[in-house]
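Asker: Okay, structure incoming, though there's no sequence with it:
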């Protein structure tokens, strides 16, 4: 049982390039989330999907788009990468309600 | 806006010392509270959670936390830390009944020296 799987684990981009981060969960969870983690700032919510077919903005959505492809997969896209988007990105999922979120291993993204 | 404040950014302890990490949140309604731990190079893992009932909750690896509603606090404690507790600890809150959108604190880096 893999849980939450993120690909790739590491990526280096040049400013202006585009990139899609992939996330898949095999726990039949309804809700999925994308966070970014920056030093001294904890994790901040970028976008979330409460259920298949819905997506909503979180705290820091600018510069990102998401797609809830199906119940298992939730991708995050950077259309034109900027150095300010250098961060570690975490995907998470939960059954919903009050249940805790399960996190993936993260994608370390550097934008030069 | 909702926010979570963790008072200590870095804590250094010797093995067997007691640990208390502070967490305060700002939100007027009913909340669910969590502590997550991130070991070096790993993803976040749930330590413990509070939804309702007994305000003293016990988690994995000997950790516990106490919810004090009047103080909007949810401090994490462990009586005797081990070197393996070296990690970053995050307090998080979400309004009850919402879409489980977690608001995280900035984190506390704990270093335990043998």
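Answerer: Structure's in. What do you need? Fair warning: this is a prediction, and the values are worked out from it, not measured in the lab.
Asker: Could you check how far the spatially most central residue of chain B is from residue B:87?
Answerer: What sits nearest the mean C-alpha location of chain B, by CA atoms, centre = their mean, is residue B:35, with 3.5 Å. With distances taken as CB to CB, to the nearest Å, residue B:35 is found 11 Å from residue B:87. Using the backbone N, CA and C atoms, a C-beta is placed for each residue, glycine as well.
Asker: Can you pull out the low-pLDDT segments for the chain?
Answerer: Just so you know, I chose chain A. Residue ranges of chain A with pLDDT under 70: A:1.
Asker: look at chain B instead
Answerer: Using pLDDT under 70, chain B drops low at B:98-99.
Asker: What parts of it come near chain A?
Answerer: B:4, B:6, B:9, B:32, B:34, B:36, B:42-46, B:49, B:51, B:90, B:92, B:94, B:96-97, B:99-107 (CB under 8 Å from any CB of the partner chain).
Asker: Buried subset of those, written for PyMOL?
Answerer: Only the buried entries of the residues of chain B next to chain A go into this PyMOL selection, using 16 or more other CB atoms under 10 Å in any protein chain shown:
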select buried, chain B and resi 4+6+32+34+36+43+44+46+49+51+90+92+94+99+100+101+102+103+104+105+106+107
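Asker: Among the residues of chain B next to chain A, which lie within strands?
Answerer: Cross-referencing these against strands under DSSP state E gives B:4, B:32, B:34, B:36, B:44-46, B:49, B:90, B:92, B:94, B:103-104.
Asker: Please list all residues in contact with residue A:40.
Answerer: For residue A:40, the contact set (CB atoms under 8 Å, 6 or more residues apart in numbering or on different chains) comprises B:9, B:106, B:107.
Asker: Which residue does chain B have closest to chain A?
Answerer: residue B:104 (3.8 Å; CB to the nearest CB).
Asker: For the residue lying closest to residue A:72 once chain neighbours are set aside, list each beta-bridge partner.
Answerer: Of all residues not flanking residue A:72 in the chain, residue A:24 sits nearest, at 5.1 Å (CB to CB, 6 or more residues apart in numbering or on different chains). Beta bridges link residue A:24 to residue A:5, residue A:73 when assigned by DSSP bridges.
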